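Participant: kindly generate the corresponding structure for this input.
(one chain, ligands or ions: 1)
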Amino acid sequence: MSDLVAGMARLSEQEEIANKHLASAIEFAAALHEIKSGGLYKFKSPTWETYLQDHWSGKISRSQADRIISAHTVKLTLESGGAKPKVVTTKQAQKLQKLPTNLQVAAYEKAAKKRYEESQTAEPTTEDIDEAVAEIEQEERSQIDLIRMYAADFSAMVKAVKAVGLRIEQLSHHAHGAELSGRMGEVRHGIDEIIQALRMSAPYCECCYCGQKNKCDACKGRGWISKALYRNASKELQDKVTEHA
Ligand SMILES: [Zn+2]
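Facilitator: I've put the predicted structure just below:
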C-alpha cells in the first residue's frame, strides 16, 4: 500500500471515530490528536486550519479543536507520569498547564488524593485541581524565595570578605603594617580561596535536573543547585530554571 493510500485510510479511520464519538470526549480528543500530530489532515487540506474549515465546518472551531487536543496531551502527560485520569477536561488541562510538565502529575495526584479522602472517588473535580495547582505554585514560590534569600546572603558575605581584604591591603602599606606586608601573598591567596568557595557553593537556582521535585543525585534531594552544577547542565536543562545570583 502506498503512503498516500495508507495515510488516507488512517485519516478516514480517525475521522470515523471522531464523527461517531463527537459526544464522547475521550475518543474524540484522541482521534483529533492523531489527525493533527500525525499530520493526517495533510491528505485532505494544506493546513490544519483549512482542514477544520473544510471538513468540520460548523461542528468545531479551530480554538475548540486545539483546546481539546491540548487537554488530551495533558492526559497523556499524566498517564506517562503514572496517574490514571479517566477524563481531563479542557478546563482542568488549562489549570494544570500553568505548571511545568513535571509538576502537573504532582498536582493531579494531590487533587485526586483529596477527592478520594472526601468522597471515595479518585476523579478530582476542576475545583480540586485548581486548589492543588495553587498549593503547588505556593510551595514552588516559597522554595524559590528561600534560594533567593540565601543567594543574597552568600553574595553579602563575598562583599564583606572583599572589604576585609581591601582593609588588610591598606594596613600592609602602613608603617605599622611592615611585618604584614611580607605575608601579603598568603593573605591574598586566603581571601581569594574564601571568595571562590562562597561563590561556588552558594545556592544559585532551583535544581534543573529534577525540577526540585524528586531526590536526585545532582541536588542530593535539596531542590537547589550551585553555580558550578548549573554550569555543567545542558542548555535545555538550564532554560528550565531562573538564575538567582
Ligand atoms: Zn535535583
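Participant: so which bits of the protein are right by the ion?
Facilitator: Those residues of the chain that sit near the ion, judged by Cβ under 5 Å from the ion, are 207, 209-210, 216, 218-219. C-beta: built from backbone N, CA, C; applies to glycine.
Participant: output the residues you listed in JSON lines, with pLDDT appended to each entry.
Facilitator: Converted to JSON lines, these look like this (pLDDT from 0 to 100):
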{"residue": "Cys207", "pLDDT": "89"}
{"residue": "Tyr209", "pLDDT": "88"}
{"residue": "Cys210", "pLDDT": "84"}
{"residue": "Cys216", "pLDDT": "86"}
{"residue": "Ala218", "pLDDT": "89"}
{"residue": "Cys219", "pLDDT": "90"}
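Participant: out of the residues you listed, who has the most neighbours?
Facilitator: Cys207 (27 neighbours; other Cβ atoms under 10 Å).
Participant: give me the residue at the spatial middle of this structure.
Facilitator: Closest residue to the average C-alpha location of the chain: Pro100 at 3.0 Å, with Cα atoms, centre = their mean.
Participant: that one: what's it in contact with?
Facilitator: Contact analysis of Pro100 by Cβ atoms under 8 Å, 6 or more residues apart in numbering lists 211, 240.
Participant: mind checking pLDDT for it?
Facilitator: The model reports Pro100 with a pLDDT of 77.
Participant: mind listing what's buried in stretch 199-206?
Facilitator: For stretch 199-206, a neighbour-count test (16 or more other Cβ atoms under 10 Å) marks 199, 202-206 as buried.
Participant: centre of the chain to the lengthiest helix in the chain, how far?
Facilitator: Secondary structure of the chain read by DSSP state H shows that its longest helix is helix 126-173. Its chain's C-alpha centre and that of helix 126-173 lie 21 Å apart, by Cα atoms, centre = their mean, to the nearest Å.
Participant: packing partners of the helix or strand that that helix is followed by?
Facilitator: For helix 126-173, the succeeding helix or strand toward the C-terminus, using DSSP states H and E, is helix 178-181. Here helix 178-181 touches helix 126-173, going by 3 or more Cβ pairs under 8 Å, 6 or more residues apart in numbering; DSSP states H and E.
Participant: let me know the helix or strand that the residue lying closest to Gly81 once chain neighbours are set aside is in.
Facilitator: Leaving out its chain neighbours, the residue that sits closest to Gly81 by Cβ to Cβ, 6 or more residues apart in numbering is Val105, at 3.3 Å. Using DSSP H and E, the element containing Val105 is helix 101-119.
Participant: which positions in that helix come out as buried?
Facilitator: Buried, per 16+ other Cβ under 10 Å, within helix 101-119: 101, 103-112, 114-115.
Participant: quick one, what contacts the residue of the chain most remote from its centre?
Facilitator: Here the chain reaches farthest from its C-alpha mean at Ala175, the gap being 59.2 Å by Cα atoms, centre = their mean. Ala175 makes no contacts at all, as judged by Cβ under 8 Å, 6+ apart.
Participant: for the longest helix of the chain, packing partners?
Facilitator: helix 90-96, helix 101-119, helix 178-181, helix 184-201, strand 203-206.
Participant: just put the ones you listed in a markdown table and tack on distance to Tyr41.
Facilitator: Shown next, in a markdown table, are the helices and strands packed on helix 126-173 (distance: least, Cβ to Cβ, whole Å):
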| stretch | distance to Tyr41 |
| --- | --- |
| helix 90-96 | 20 |
| helix 101-119 | 26 |
| helix 178-181 | 79 |
| helix 184-201 | 52 |
| strand 203-206 | 39 |
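Participant: which stretch among these comes nearest Asp145?
Facilitator: Counting by Cβ to Cβ, Asp145 lies closest to strand 203-206 out of the helices and strands packed on helix 126-173; the figure is 11.3 Å.
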